[in-house]
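Trainee: okay, here's the prediction I keep looking at, along with the sequence it came from:
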Amino acid sequence: MNIFVVNSGSSSIKYQLFRWPAEQPVCSGLVERIGQEQATITHKVFDGAGAEAAEQRLTRELPDHEAGLREVVRLLTEGEGRVIQDPTEIAVVGHRVVHGGEAFAATTLITEAVKTEIHRLFALAPLHNPANLLGIEVAERLFAQARQVAVFDTAFHQTLPEHAFRYALPESLYTEQRIRKYGFHGTSHQYVAAQAAAYLNNPDARLITIHLGNGCSMAAVRAGRALDTTMGFGPLAGLVMGTRSGDLDPSVLLHLLGPLGYSAEQVSTLLNKESGMLGLTGFSDMRDVTRALAAGEARAQLAYDLYAYRIRQYIGAYAAVLGGLDAIVFTAGVGENDALVRRLACQDMDFFGLQLDEAQNQRRAPGLRDISSAGARARILVIPTNEELEIARQCAQLLLPA
Ligand SMILES: Nc1ncnc2c1ncn2[C@@H]1O[C@H](COP(=O)(O)OP(=O)(O)O)[C@@H](O)[C@H]1O
Ligand SMILES: CC(=O)OP(=O)(O)O
Ligand SMILES: [Mg+2]
């Protein structure tokens, strides 16, 4: 059976095709800059052992997601990167949906009612849910015979206890408006937490998972269940991100909206798109911040320090939430690749049993890496995330009898 996974973003589409039940990746790709003058597509095909066998890079004019996914279907079915004969060979399409609210604590077959609920949640995840729904609607047309499944970023965090997910606001704002902490990147936290528990050979492990991509979040996980997480009502809270502020005193918003005369939309743009590393340094991509740091720019140093300090604060908080610590796990683009972030985040943490082996930290290797000193009480792990594989697994769990 073929399971096709779609992660549809505001201007990009990530996709991956798996053969099931072998969990074999067949191809993957990324369509970027949809709606701009020239979109780019990177399409990779894997061999039977899962190693990359071929890569195509194309530029195309792709006005919208429909055009983008049509081009992906063409790449799947035609030319040198062809992996299937016909779209009807795809049995299941799994979609990443960022906000599932309280309605979805599990992976769900997509119906009209599910789409209505995803639409209702647009206001809570304006960067993500509209693109996710668009991806679903286009996939329904292009893979008309396939079953469409939604896997929600919020689902894994539905186990948070009420004292962790509630805000200290009047009760009616929760009961009537559903204002609470939801949490995001759940698919990634769940995937790396399971890998870490297997590595530690401890199903009850107390873990802090640290997802550092464009969006960044941490989760406290015990026995495979999320106990707390840094993102909140929307994906703005917590850590410093590429373009998002993370934690902020609400008085700042009041000051922007009042004396400084910002509109609500301007505040949204500021916090979602102009803050974080971009606001601090002028660069949202960590690799650019690294270059600025190497060139001796003081604001790049400050940005690194602030970024790592926020992570350290939450390591402390979550060690308390978990009542101890067996391992912390770094994952996603920055977490997997940026040794300096890991070093700064783990500095002077011996009292938690965290001791980094700097030689291991600098070493590059695929797969899970244990970068802690041999005798340390808690492990420091680097685990590549694979949200697409986790989405495919959850689709299979939902649809295939065990
Ligand atoms: N070698 C690297 N060193 C430092 N940062 C990196 C490296 N490679 C990727 N990144 C960072 O990872 C980020 C993207 O991470 P990723 O997990 O792909 O995010 P997303 O899925 O949110 O797009 C980039 O913005 C970049 O800053
Ligand atoms: C929820 C979220 O922040 O997702 P991303 O990191 O893909 O932007
Ligand atoms: Mg991501």
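Mentor: Looks like it arrived, so ask away. Ligands and ions are numbered 1, 2, ... in the order given.
Trainee: closest point of this protein to ligand 1, which residue?
Mentor: residue 333 (2.0 Å; CB to the nearest ligand atom). To be clear about C-beta, it is placed using only N, CA and C from the backbone, and glycine gets the same treatment.
Trainee: how far away from the center of its chain is stretch 390-402?
Mentor: 20 Å (CA atoms, centre = their mean, to the nearest Å).
Trainee: next: stretch 122-133.
Mentor: Relative to the centre of its chain, stretch 122-133 is centred 14 Å away, using CA atoms, centre = their mean.
Trainee: likewise for stretch 8-20?
Mentor: 13 Å.
Trainee: give the buried residues for it.
Mentor: 8-9, 12-18, 20 (16 or more other CB atoms under 10 Å).
Trainee: which phi and psi does the closest residue to residue 356 other than its chain neighbours have?
Mentor: Spatially, and ignoring its direct neighbours in sequence, residue 356 is nearest to residue 346 (4.5 Å; CB to CB, 6 or more residues apart in numbering). Main-chain dihedrals, residue 346, degrees, to the nearest 10: phi -100, psi 0.
Trainee: related to what we said a few turns ago, okay, the residue of the chain closest to ligand 1: pLDDT?
Mentor: Here, the pLDDT recorded for residue 333 equals 94.
Trainee: before we move on, back to that, what number of residues lie near the residue nearest to residue 356?
Mentor: By other CB atoms under 10 Å, 24 other residues sit near residue 346.
Trainee: so who does it touch?
Mentor: Neighbouring residues of residue 346 by CB atoms under 8 Å, 6 or more residues apart in numbering: 328, 354-356, 380.
Trainee: what's the spacing between the residue of the chain closest to ligand 1 and residue 384?
Mentor: Residue 333 sits at a distance of 10 Å from residue 384 (criterion: CB to CB, to the nearest Å).
Trainee: ok, now residue 115?
Mentor: 32 Å.
Trainee: do residue 161 as well
Mentor: Per CB to CB, residue 161 is found 30 Å from residue 384.
Trainee: in terms of neighbours, single out the busier of the two.
Mentor: Between residue 161 and residue 384, counted using other CB under 10 Å, the more crowded position is residue 384 (17 against 12).
Trainee: ok but the more buried one is inside a strand, no?
Mentor: No - secondary structure of residue 384 (DSSP: H, G, I helix; E, B strand; the rest coil): coil, not part of a strand.
Trainee: that one contacts residue 331, doesn't it?
Mentor: Yes - using CB atoms under 8 Å, residue 384 is in contact with residue 331, at 6.8 Å.
Trainee: and the pLDDT at the residue of the chain found nearest ligand 2?
Mentor: Relative to ligand 2, the nearest point of the chain is residue 215 (2.4 Å; CB to the nearest ligand atom). pLDDT for residue 215: 93.
Trainee: that one contacts residue 242, correct?
Mentor: Yes - taking CB under 8 Å as the definition, residue 215 is a contact partner of residue 242 at 7.5 Å.
Trainee: more neighbours, the two?
Mentor: The neighbour count for residue 215 versus residue 242, taken as other CB under 10 Å, is higher for residue 215 (24 against 21).
Trainee: contacting residues for the more buried one?
Mentor: Taking CB under 8 Å, 6+ apart, we find residue 215 in contact with 184-185, 231, 235, 241-242, 244.
Trainee: do the same with residue 231
Mentor: Contacts of residue 231 by CB under 8 Å, 6+ apart are 181-185, 215, 217, 237-238.
Trainee: if I read this right, residue 211 contacts residue 190, doesn't it?
Mentor: No - applying CB under 8 Å as the test, residue 211 and residue 190 come out as separate, 10.8 Å apart.
Trainee: so the two - more neighbours on which side?
Mentor: Legend: neighbour count by other CB under 10 Å for residue 211 and residue 190, higher for residue 211 (30 against 24).
Trainee: relative to residue 218, how far out is residue 206?
Mentor: If you go by CB to CB, the gap between residue 206 and residue 218 works out to 14 Å.
Trainee: residue 45 now?
Mentor: Residue 45 sits 35 Å away from residue 218, taking CB to CB as the criterion.
Trainee: those two: who's more crowded?
Mentor: Legend: neighbour count by other CB under 10 Å for residue 45 and residue 218, higher for residue 218 (27 against 21).
Trainee: regarding the residue of the chain most remote from its centre, what is its secondary structure?
Mentor: Most distant from the centre of the chain: residue 259, at 35.5 Å, with distances by CA atoms, centre = their mean. Following three-state DSSP, we place residue 259 in the coil state.
Trainee: so what pLDDT did it get?
Mentor: Confidence score, pLDDT, at residue 259: 97.
Trainee: counting by contacts, list what the longest helix seen in the chain packs against.
Mentor: For the chain, the helix that runs over the most residues, judged by DSSP state H, is helix 298-322. Helix 298-322 sits against strand 206-212, strand 216-222, strand 225-229, helix 276-281, helix 286-294, helix 339-346, with contacts defined as 3 or more CB pairs under 8 Å, 6 or more residues apart in numbering; DSSP states H and E.
Trainee: any chance of JSON lines for those, columns distance to residue 397?
Mentor: What follows is the helices and strands packed on helix 298-322, written out as JSON lines (distance: least, CB to CB, whole Å):
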{"stretch": "strand 206-212", "distance to residue 397": "21"}
{"stretch": "strand 216-222", "distance to residue 397": "19"}
{"stretch": "strand 225-229", "distance to residue 397": "17"}
{"stretch": "helix 276-281", "distance to residue 397": "35"}
{"stretch": "helix 286-294", "distance to residue 397": "34"}
{"stretch": "helix 339-346", "distance to residue 397": "32"}
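Trainee: any chance of those in TSV, with distance to ligand 1 too?
Mentor: Listed next are the helices and strands packed on helix 298-322 as TSV, based on distance: least, CB to the nearest ligand atom, whole Å:
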stretch	distance to ligand 1
strand 206-212	7
strand 216-222	9
strand 225-229	16
helix 276-281	8
helix 286-294	3
helix 339-346	8
